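*Asks:* My questions concern the predicted model and sequence given below.
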Amino acid sequence: MTAPMTGKDVSPGLEAATVVDAVLADLPRHRGVVVDSPPGAGKSTLVVRAAGHLAAAGEPLMIIAQTNEQVDDLIVRLAAEHPGLPIGRLSAADYLVPERVMGKASVGTKLPELGDPAVVVATADKWAWVGDRRWPWAIVDEAYQMRSDKLLRIAGLFERALFVGDPGQLDPFSIVEGERWAGLSWDPLQSAVAVLLRHNPGLPVHRLPVSWRLPATAAPVVSEAFYPFTGFKAGTGPGERRLSFAVQGMRTAYDLALEEAAASGWALYELPSRHTVRTDAEAVQAVAVLATRLLQRAPLTFSERGERPVTPERIAVGAAHRDQVAAIQAAGLPAGVTVDTANRLQGREYDVTIILHPLSGRRDATAFHLESGRLCVLTSRHRHACVVVARAGIPELLDAHPSADSVQLNVPVKFPDGWEANQAVLAHLAKHRVEAAPFR
Amino acid sequence: MDRLDLLRGPVPPRPHDARAIAALAANPGCARRAVLDAAGIDKDATATHLGFPAPFGQSPFAITRGNVFESLVKESGCAELLRLLRDILDLPIPLAAYNDLGDVGGNPSAHLRHSHTRKLIDRAARDADDAGTLYDHPLLRLDIAGHSSYLEPDVVAFRLGGLFRIVEIKSFAVVDGQAEPDKVAAAARQAAVYVLALRNLLRELGHDPGRVSHDVVLVCPENFANRPTATLVDVRRELAVLKRQLARMTRVGTMVDALPPELTFDLARDADGVPTRPVAELREAVRGVDARYAPDCLSTCDLCFFCRDEASAEGSTDLLGRQVRDALGGVATVAEALGLADGSLTPDEGQEEIARLLRLADRIYAEVS
Amino acid sequence: MSTLAALARLRALQTGTAKRLATVRHCHLSERPMVFIPLRLAGEAAAPLAAMAGTDPARPRLLVVPQPRDRDLRFAFTAELAEILLPYVEGLQKATETVERRGAEPYERCLDAPQLIVPNRGAVAFVHMLGRSTRFRRAEGPYAVHPSVPVLGRWLTFLAQRAQYPGSAVLLAATEALSLHWATGQSMLEDANLASLLGWIDPPAGMTGASAAREAEDPLVWPPAGPATDPGFDTEVLVPAIRAYEQRPTERAAARVGEAVRTQLEPTWGLMWRAIDLLGGLPAGPGTAARWEADRASFTNFTAQLAEGGPPQPKRDGAVGAASRLARMERAQASYDAQRAYDDPLVMAGHRLTGEAFTGTVVATDPDHTEGEGRGRKLRPLLTIRTTDPARLAPGARLGTPERRGQQAEVVEIAGGLVTLKIIKGMGRGKAATPGAVPEVGERVCYAALSDEFQPPASLPAPEDTPWTHGGPPPEHVPADEDPEEEWS
């Protein structure tokens, strides 16, 4: 079963295509073009298309990604979409070529080793070591997660660039205090896009309007909570994505939560209110059991891609802290299920996600826990359903949260506010609440 | 709202100034503070009578400095201010009218002055001309938990075309484009109170409240001189917080209804204004509403020393700060946490994990120190 | 805050005295530090009111501005401060050592560097502000100042900027240095009060830490350690004294202001030296010497810059300068964190508790284990450690160990209290491991996922090549004529 273009599909598809065309048309007209892409809005598709578009004009192109995994992903997609396009990959000496990349790109640690491919892809860190060459074009991927000091090291390599990224995810950070640079237009701790736009306010900023990842049940929630001013819609309509189970449940609270998620796209598996340590054993246990139970129920997805079983690789578990991730791992997850922090889940996509709410069991929230980007990443990785595990009491915590953030002059205010975003998501989750079974 | 009057006793409610309103967000989880604030109770006098006077004071040097700077900015019909506005808003205005709304003659009541402000702002909002106008000493009003508070900002509202802006004058320095973040934050919170009050006024008068900009103009001395400089500060976040807190205040009613009917914080002042309420009785009354002490209160609440003493007597882990309480996974008292650490206390249900962690910490600490 | 630090605070509260958070001292302590306690006029950004300074506890120098709003008097104060600070700094420039460098010319590095100790963070900020307000002054032209004033400004700026590097010790805040080593029975916010913090650490005879700390909050008993003065003191004492001086600027009137501020400074002077004694009582951690060496190198560099007649430090960092400073600061932070843990089992304990480190006993080894074939065959000694710590490390995680500092190991497996590691670096280049490189069965070892290994960052463009994304090349810096004349009311 393939996805036929039904009448309903045409409008979001068309809308997205119009934006992509506008981006491509803008490329030769400006020194830089920025494209904001909400979760799953076809950022990679755009990068691949723009790369083909630029390569077709015969101009050499450099592509900058942030991690090795992202570089490899891009190469795989470039090779698939543009067979015959010579691609090079710059890498560190200890880089092992993954199987999926083999034969798709020439790999080397230095430019001359690559021959002279039309497109060269590497991480920002690697590009920083390439001197003495200027490229007419660059594409910077995940540009909102790139710190501006990294851009400073490589911006001399290109004449013009397309910057693509998701402004709603986590901001780059540093282990040191950066107060001394606050308010400077080139503050090295700001994102590459923030600094770029501050110095070049006239550059066009496009927004991809459609999320192809998030289902119709999730796009409005995520859009309203994390992209209140720009917004986006789902590429699929209500009911076009379904999740079902081949194995009957046993009416346990875990089953009820999974069934609620299958039916509505969301479930809040709520444990009794209690202040706990970060690695709350009950919550960690619940996350692990939910993942196990999910696979036991033999889940099936129906979507524009057809009917597919949900394999462990299509399931992710997310948490805020590394020790929580370690605790969830230790609690025993089915093999193949991904578990990671919000930071490392950025840019990834799964069918079903199970997340430990960053505010669960806390008495006080810190800026870290309230950061809107963290919750945004966690609640926007799924194509079908997201199960949130949390202790009751988060509304009370938010209500009692003191607002005494300090303010630096000339630092643009970031939206949405973490408090508001958390509140919006919570309000929605409250409609999909399943009370946890008594422990043990 | 007579229940609140009873809680306060036969004295007029303490008016909320912008600072007090801005401070509502400092510790919203504290029921004690919420009730006392809603009832307009003089917390400073209460704390003093309890034997725990607030540790706040302002140096006369700082007060003088503030006044000198403000009058410098407002000199000759705000000439200096106009220069700054021209620069920062990039306006081609050679001149601006100056309207002193405080100039009502005699010694008018707040109500009268507010009416005057209303009248002029209404006229201003209808005026379509493009000349800039500065409004000094406006008297704004904000309803807090059913009480009207008049706000007498040391600020100016500036109108150009259809848009109003709040100007806030502060005497902390901006050095090379940076100022102390806490002070800027306090100024932004206060300015947000004025933005909201002015927006409410426009709405009441039937105008679009969106005509008050969320970018306020902060005027401060530049570097080490008296020369003022202006910076635009976006107060949208502060406005959101403020609206949230004001909405909470109206919910204090349910909290108050649950209090024992005879409860009062009346200081029973005598004819000379000296409190005669027995201290022990007042202490019991205050303790009748739960506090949520945190060390941050030491810089924001008049009752801080009283509540700290109470937390100390109860052996509460709140005494050590939010980070400690967080690291203890919510264990409420020092004795309990230490009992769990040395194993003398059997953990309650749900405490097994923090108990394990504390015992481990205790073992490792003993092993290496 | 770690559970360990939280527990230490609980114990402090229970016993009434502070508890140690470190077994060794993590900041260098100079043999001859200079104590500097500045007071600022309330409501002003950097108007000095008074200061107490000196290197001898018995002979504090008192500096006073009898009318802080008088700019001539303020500059007289800075000139007097220069008279104290500059000879101290210059005295440390003379003795040097020759440092050999691989691939570069050997250079001379000062054997010592200045160390300014101030009461708290506020005073550090004040040093920065005072430096900013004086370094652009000139000795000639309008508003001329004493030639030592701009030099003082540059040194104060050097100290304040260097202090932003984690682990630097050229400008220490006493409260922060003490808090690094002791946990009190109060909150971190209250620890910012020097008198109260010392009350917990070293209460006077017959008092508990708690009562000493409480007493220390009374400004009449313990005046604030600055730079802000007690508002009550300002109202009751300072206002009339300054007014009297204004009316008749006599020596007597000046002395009255001097005596007034002396009462506010003297108690803190005593506290500062007690703090230094307490810190000096701790043995120095091994890493302090290396970090002080970096401070000495930085001091030497700045001395040279000054001698070459370079311009004063800019007001803000340019794009390139900011990025390069950030890289250096991040490197300093990472190595500071790692060094402290490796130097101090109590600091390491915090990492053990979170599972990023563990201690245990070696139960099995395979010192000759190899990986790969033929020419790619590599020595990878294996060891298995039994631990009761809650180690939370993923296979493949890189670990270091305090027992063998150059060594690196990789986690192979963790199961049931047994951790298997393979050593990947620092076991010698031969076919067999260097004797002693692989721990023996029965040995107590500690491994941690902390590294102070340094990977040099890629180079930055020259400032004049700042790309268009960052605003393009900055305008050439012309020492602005108005800089020295900047109004100083």
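*Replies:* It's in. Residues are numbered from 1 along each chain as shown, chains lettered A, B, ... in the order given.

*Asks:* For C:Arg11, pull up the helix or strand it's in.
*Replies:* helix C:3-15 (DSSP states H and E).

*Asks:* what comes up buried for that helix?
*Replies:* Neighbour-count burial for helix C:3-15, with 16 or more other C-beta atoms under 10 Å in any protein chain shown as criterion, is recorded at C:3-13. For the C-beta atoms, the positions are set from N, CA and C on the backbone; glycine is no exception.

*Asks:* Could you look up the SS state of C:Gly287?
*Replies:* What DSSP: H, G, I helix; E, B strand; the rest coil gives for C:Gly287 is helix.

*Asks:* Let's have the buried residues of helix C:3-15 in a markdown table, adding distance to chain A.
*Replies:* Output for the buried residues of helix C:3-15, formatted as a markdown table (distance: C-beta to the nearest C-beta, whole Å):
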| residue | distance to chain A |
| --- | --- |
| C:Thr3 | 8 |
| C:Leu4 | 13 |
| C:Ala5 | 15 |
| C:Ala6 | 11 |
| C:Leu7 | 13 |
| C:Ala8 | 17 |
| C:Arg9 | 16 |
| C:Leu10 | 15 |
| C:Arg11 | 19 |
| C:Ala12 | 21 |
| C:Leu13 | 19 |
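
*Asks:* Please go through the residues you listed and note which also touch chain B.
*Replies:* Filtering the buried residues of helix C:3-15 for proximity to chain B by C-beta under 8 Å from any C-beta of the partner chain leaves C:3-11, C:13.

*Asks:* Going by distance to C:Gly416, which of the residues you listed wins?
*Replies:* C:Thr3 (23.7 Å; C-beta to C-beta).

*Asks:* Is it possible to get the ones next to chain B among the buried residues of helix C:3-15 out as TSV so that each row also shows pLDDT?
*Replies:* Shown next, in TSV, are those (pLDDT from 0 to 100):
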residue	pLDDT
C:Thr3	91
C:Leu4	94
C:Ala5	95
C:Ala6	95
C:Leu7	96
C:Ala8	97
C:Arg9	97
C:Leu10	97
C:Arg11	96
C:Leu13	95
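
*Asks:* Count the neighbours of C:Glu330 for me.
*Replies:* By other C-beta atoms under 10 Å in any protein chain shown, 16 other residues sit near C:Glu330.

*Asks:* do the helix or strand encompassing it and chain A meet?
*Replies:* In the assignment (DSSP H and E), C:Glu330 maps to helix C:319-343. Yes: with C-beta under 8 Å from any C-beta as the criterion, chain A is reached by helix C:319-343 at C:319-320, C:322-323, C:326-327, C:329-330, C:332-334.

*Asks:* so what does that helix touch, helix or strand wise?
*Replies:* On a contact count with 3 or more C-beta pairs under 8 Å, 6 or more residues apart in numbering or on different chains; DSSP states H and E, helix C:319-343 meets helix A:148-154, helix C:286-307, helix C:345-354.

*Asks:* Nearest to B:Cys30, out of those helices?
*Replies:* It is, among the helices and strands packed on helix C:319-343 and with distance given as C-beta to C-beta, helix C:345-354, at 31.5 Å.

*Asks:* and the closest one, which residues are buried?
*Replies:* For helix C:345-354, using 16+ other C-beta under 10 Å, the buried residues are C:345-354.

*Asks:* Tabulate those residues in JSON lines, adding columns for distance to B:Asp266 and pLDDT.
*Replies:* Listed next are the buried residues of helix C:345-354 as JSON lines, based on distance: C-beta to C-beta, whole Å; pLDDT from 0 to 100:
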{"residue": "C:Pro345", "distance to B:Asp266": "58", "pLDDT": "96"}
{"residue": "C:Leu346", "distance to B:Asp266": "53", "pLDDT": "96"}
{"residue": "C:Val347", "distance to B:Asp266": "54", "pLDDT": "96"}
{"residue": "C:Met348", "distance to B:Asp266": "57", "pLDDT": "96"}
{"residue": "C:Ala349", "distance to B:Asp266": "53", "pLDDT": "95"}
{"residue": "C:Gly350", "distance to B:Asp266": "51", "pLDDT": "94"}
{"residue": "C:His351", "distance to B:Asp266": "55", "pLDDT": "94"}
{"residue": "C:Arg352", "distance to B:Asp266": "56", "pLDDT": "94"}
{"residue": "C:Leu353", "distance to B:Asp266": "51", "pLDDT": "92"}
{"residue": "C:Thr354", "distance to B:Asp266": "52", "pLDDT": "88"}
